[in-house]
Each structure stands twice: as structure tokens, then as C-alpha cells.
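**Student:** Let's see this in three dimensions:
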Amino acid sequence: MTAQQRRQEKRRQEKRRLNFRTLALTVVTCGVLGVAGLWLLTLPGEVPASALPQYTPNLDNGKTIFNIGGCSSCHAVPNDDPDKVDRLRLGGGLALKSPFGTFYVPNISPEPKDGIGTWSEANFVTALWKGMSEHGKNLFPAFPYTSYHHMQLNDIRDLFAYLKTLPQVPGKSRPHDLSFPFNQRELLSGWKLLFFHGGPFVPDPSKSAQWNRGAYLVNGPGHCAECHSPRNFLGGIIESQRFAGGPAADGKGWVPNITPVGLREGDKVWSEKDIASFLGDGMMPDGDYAGGPMADVISNTSLLSADDRAAIATYIAALPPTAGPIKPPKKEKKD
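**Tutor:** Got it, this is the predicted structure:
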């Protein structure tokens, strides 16, 4: 190889190295920008106190929201005897099993050290609307803020005021027992980007006031879809099968389809009257009664006004028929 050829080869090698460094720098820069962009997009929002205008809470409405929200079903201190559970002592502690591990429901009594007694109203609104704790951390969606963020601001403020009238209960719940990486709260920012959408409920002007009231109660504070919808492997609701039932979150049992596909007794679909009556006393059209977790739901909906139960029934009865996952057959017991 001549001297000139060696010089040319050396220049080619230097050019290749330069191109490689440029490409590597470009890839790293794009990666950093991408991660930074995703981080900015998924930062948990905060509702500042300045966004809350002066307001006089309505405690009666707060009690209604407490009941439709089923707050006591999860947050009341558990007791081995269900009849001895005080639904107004919200010290938490209930274990909620899931495919990701076990969540332990927190204390939301007004106790200042272990509960939410030191929370501001803005902290509470932020938790329900943004899924973020008072310390600026992402909350796990076992707390159904994916539904609560559809609630109207005044209803949240009324609920907060009502909670402050309840007994202070000392004692913190034990930490969640979740497998890695599902115990990393930072990853919930990406989860929210995928599954946390929308905002406060907006009435549909083409529907009746009763339908709109029912739609609000079911999709907002009632968070009915959280249990009655199948979920994907990341724990997000499968929207195409919303309200179509599926396996229970704890892997035991089956949550029924509450669209007309599931609300059947033979050839007859439950009427609005059937649904409203069921929400009051838990009795189904065939004379059987609700059991399991639904019995707890009935203990809450039975405290609602007849008008609100009728509104929920109007909305549920109008849901489009949706086929859900197929319930597996019961395993035969071996002798």
C-alpha cells in the first residue's frame, strides 16, 4: 500500500469513527429527551388551594357521596364478625388481594397522625382527581381514582367535610405487599398516561336528567366499572368490555356482567324497577339475595334516596349489551 493509499484509508477510518460518535450521541440525546418528555407528560398533577373558591360544604350531600362511594366498605376497620364492623370508624387495614400483590387499605379517619387529619382540602381533591398523595407521590389505582376523577368538585369538598365529622381512629395500616416492579410508584406515571383519562363528568344534553344523574353516580363516586369490568395484564380496564364482568381481582370468584347480557332471568332482562329494588334490599328477581362483596355494596346503596337508586337503575338498564369474558365452569368436587 502506498503512502497516499494509507493516508486515504486513515481518513476513511476517522470518518467512520466520527459518524459512529455522531450516531451514538444522537441516539443518547433522543433517549434522554424521550425520557424527559415522558417524565414531564406523566408528572402527577396537583390541585393548588388557590384553585378552590370559597365554599360552604353541604354535609348531607357529603354523607350521600360517602354512601355511594362505598368508603366504609374498604376503609372501615375490619372485624372477624361483619355485623360488628363500625362503618364510621375509617381506620383502614383491610387486605385487598390482586394479581400484583396485596394492598392494605389506609386510615382515612380525621386522626392527625395516622389518618388524614392534617390533610388540606386541596390534598384531598388532588388525591381523588389526580391520584396523588399529600406528599406528591403517585397513589396505586387500587384506590379507584380512575373513577373518582370524574366527580364534581363540590361533591369532593362535601365528602371531605363529612369525613372530618367522623371519629378519629389511631393506627396506620401495614405497608402494601407488592411484587417488583409493581411496587415502584414512579412507574405509575406511565400507567396513568395509558389508562388515566378524562375529567369531571359532563352531562349529555341528549339524555334525561335522571339518566345523567345515574351516569354520574355509576361512573364517578360509585366506581361500578372498577369491579364489573375485565382488566388487561397491566391492570387497566378493557374499555370495549366495560361493565361486562370478569374474574374477581383476588382471583377468587367471578364478578357478573351488569349489561343486559348479564342481567337476565331466563328470557327476561332485569327492568329498571328490578335494578332499583335490588339496590335497596339486595333481592334479585328470582328471590335470591346478593352475597359476598355485593352485599357490602347493597349496605351502602340502600342508604341512598329512592330517586338516586332509580337514576342508577335508569343508566344501568340503558347500557349497551356487551359480551364479557366467559366464566369458567365450576370444578367438580372429587369424592
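**Student:** So for Leu139, what's the nearest residue that isn't a sequence neighbour?
**Tutor:** Gly131 (4.8 Å; Cβ to Cβ, 6 or more residues apart in numbering). Backbone N, C-alpha and C define where each C-beta goes, glycine included.
**Student:** same thing with Phe182?
**Tutor:** On the basis of Cβ to Cβ, 6+ apart, the spatially nearest residue to Phe182 that is not a chain neighbour turns out to be Phe100, at 4.1 Å.
**Student:** Next one, pLDDT for the one you found please.
**Tutor:** Reported pLDDT at Phe100 in the predicted model: 91.
**Student:** Can you give me the distance of it to His176?
**Tutor:** The spacing between Phe100 and His176, counted by Cβ to Cβ, to the nearest Å, is 9 Å.
**Student:** what does Pro203 give?
**Tutor:** Between Pro203 and His176 the computed distance is 37 Å (Cβ to Cβ).
**Student:** the more surrounded of these two?
**Tutor:** With other Cβ atoms under 10 Å as the criterion, Pro203 and His176 differ in neighbour count, and His176 comes out ahead with 20 against 12.
**Student:** sorry, back to before: the residue nearest to Phe182 and Gly235: what is the separation?
**Tutor:** Look at Phe100 and Gly235: by Cβ to Cβ, they are 7 Å apart.
**Student:** next one: Asp114
**Tutor:** The span separating Asp114 from Gly235 equals 28 Å under the rule Cβ to Cβ.
**Student:** before we move on, what about Asp177?
**Tutor:** As for Asp177, its distance to Gly235 is 16 Å (criterion: Cβ to Cβ).
**Student:** got it, and Asn257?
**Tutor:** On the measure of Cβ to Cβ, Asn257 and Gly235 end up 20 Å apart.
**Student:** Same check on Gly282?
**Tutor:** Here Gly282 is placed at a distance of 29 Å from Gly235 (Cβ to Cβ).
**Student:** picking up where we left off before, tell me how many other residues crowd the residue nearest to Leu139.
**Tutor:** Using other Cβ under 10 Å, Gly131 has 24 neighbouring residues.
**Student:** Touching, Phe278 and Ala290? I think so.
**Tutor:** Yes. In this structure Phe278 lies within contact range of Ala290 using Cβ atoms under 8 Å: 7.2 Å.
**Student:** The two - which one has more neighbours?
**Tutor:** For Phe278 versus Ala290, the count of surrounding residues by other Cβ under 10 Å is larger for Phe278: 22 against 17.
**Student:** Sweet, I'm off.
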